[in-house]
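Q: sequence first, then the predicted structure:
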Amino acid sequence: MATLRDIKRRMGAVASTAKITQAMRMVSSAKLKRAQDAILNARPYSMLLKSNIEKLIDSIGDDYQHPLLERREKSDKFCLVCITSDRGLCGSFNSNLIRFLYKHIDEEIKNKYPNAEVSVIRIGKRGISGIKRTDINYIKDIAGISGRVDIETVDNLAKFLMDGYLEGNFDKVIFFFNEFKNILTQVPKSFQWLPFEKEAKIESYFKGKEKLTVSDEIHTKWNLLYIYEPDPKTILDALIPLYLKNQILRILLESNAAEHAARRMAMENATNNAKELIRHLELVYNKERQAAITKEMLEIVGGANALKGK
């Protein structure tokens, strides 16, 4: 049974841990605010950019051909890009994403394409150490960018993936990341980066908005005829690589915000658990102390009675 000194020592250790986790929670809260503002500002631009590209493609029709829009009949070369964190202490942030990646490989790729070649790019130290399946070809590892998103990294990764797609090394490029919903929720997501894929119209983004700006109303309510300068094909040739780089930037910002939110909640839960454990140890300490005092009193009374009997 633990002595009073052992319990006291453990209370001190837990209290020190609570101070550390409390400090880490405050740091994560400050970083989360900046990361949240960054992704909330990036989403509208990304969605409107894609909407404009879709409108341009629709206006040109089948006459427009671009190698990055090419849909190949045989699609059995997959490149999966998994974005994890460089540091831990963020709960199930990385483990959930890795399980989601494995599930996609087994159910969506291996099941439908038995002869598929799966290549993986691991971003983040936790992904590099956590993704170790033997049936996967690891072609690139990137570490040290968690928490900071720089354009040079985005450009290099985009160039590597686009060159691989154009050279026929990949038929599909899919990103796996944690999407930031709110402080409490981070959802593992997959996004097909190449080939370009049309999604729901931009109206879905503005549907939940209480008040639309004049620009929003133009995009959602009016079908305007635009005059393009230069011609739409030249504009699309410039916009498609820009859009692909912007999507990598958005995904990295999503993962960054989700990581800080997960770490903030993990440190808050750890602090609360430490405080709860301290309360439990204080109760145990008081009970043991009371029992020790009672035992001493009984020994004194017993000794006094023994002397009195003599």
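A: That came through, no problem.

Q: ends of stretch 170-186, what's the gap?
A: Stretch 170-186 has its terminal residues 29 Å apart, counting by Cα to Cα, to the nearest Å.

Q: how far does it sit from the chain's center?
A: With Cα atoms, centre = their mean, to the nearest Å as the basis, stretch 170-186 stands 6 Å off its chain's centre.

Q: quick one: mean pLDDT for that stretch?
A: Average pLDDT, stretch 170-186: 93.

Q: can you mark which positions in it are buried?
A: Residues of stretch 170-186 classed as buried by neighbour count (16 or more other Cβ atoms under 10 Å): 170-180, 183, 186. In this view, the C-beta of every residue, glycine as well, is placed from N, C-alpha and C.

Q: do the same with stretch 91-98
A: Those would be 91, 93, 94, 97, 98, for stretch 91-98 by 16+ other Cβ under 10 Å.

Q: any idea how far that stretch is from the middle of the chain?
A: On Cα atoms, centre = their mean, the centre of stretch 91-98 falls 8 Å from that of its chain.

Q: next: stretch 61-75.
A: With Cα atoms, centre = their mean, you get 31 Å for stretch 61-75.

Q: one more: stretch 161-180?
A: On the basis of Cα atoms, centre = their mean, stretch 161-180 sits 18 Å off its chain's mean C-alpha point.

Q: now do the SS call for the closest residue in space to residue 245 that isn't next to it in sequence.
A: Leaving aside its chain neighbours, residue 245 sits nearest to residue 158 (4.6 Å; criterion: Cβ to Cβ, 6 or more residues apart in numbering). Of the three states, residue 158 takes helix under DSSP: H, G, I helix; E, B strand; the rest coil.

Q: tell me how many other residues surround residue 158.
A: By the measure other Cβ atoms under 10 Å, the count of residues near residue 158 is 19.

Q: list the residues that contact it.
A: Applying Cβ atoms under 8 Å, 6 or more residues apart in numbering, we find residue 158 in contact with 241, 244, 245, 248.

Q: which residues touch the first one?
A: With contacts defined as Cβ under 8 Å, 6+ apart, the neighbours of residue 241 are 68, 158, 162.

Q: if I look at it, how far off is residue 191?
A: 17 Å (Cβ to Cβ, to the nearest Å).

Q: about what we covered before: show me which of the buried residues of stretch 91-98 is closest to residue 25.
A: Nearest to residue 25 among these is residue 91, at 12.4 Å by Cβ to Cβ.

Q: ok, now how distant is the closest one from residue 282?
A: 27 Å.

Q: repeat for residue 237
A: Taking Cβ to Cβ, one finds residue 237 at 69 Å from residue 282.

Q: neighbours of the residue nearest to residue 281 when sequence neighbours are not counted, just the number please.
A: Counting by Cβ to Cβ, 6+ apart, residue 281 lies nearest to residue 11, which is 4.8 Å off, once chain neighbours are set aside. Neighbours of residue 11 under the rule other Cβ under 10 Å: 18.
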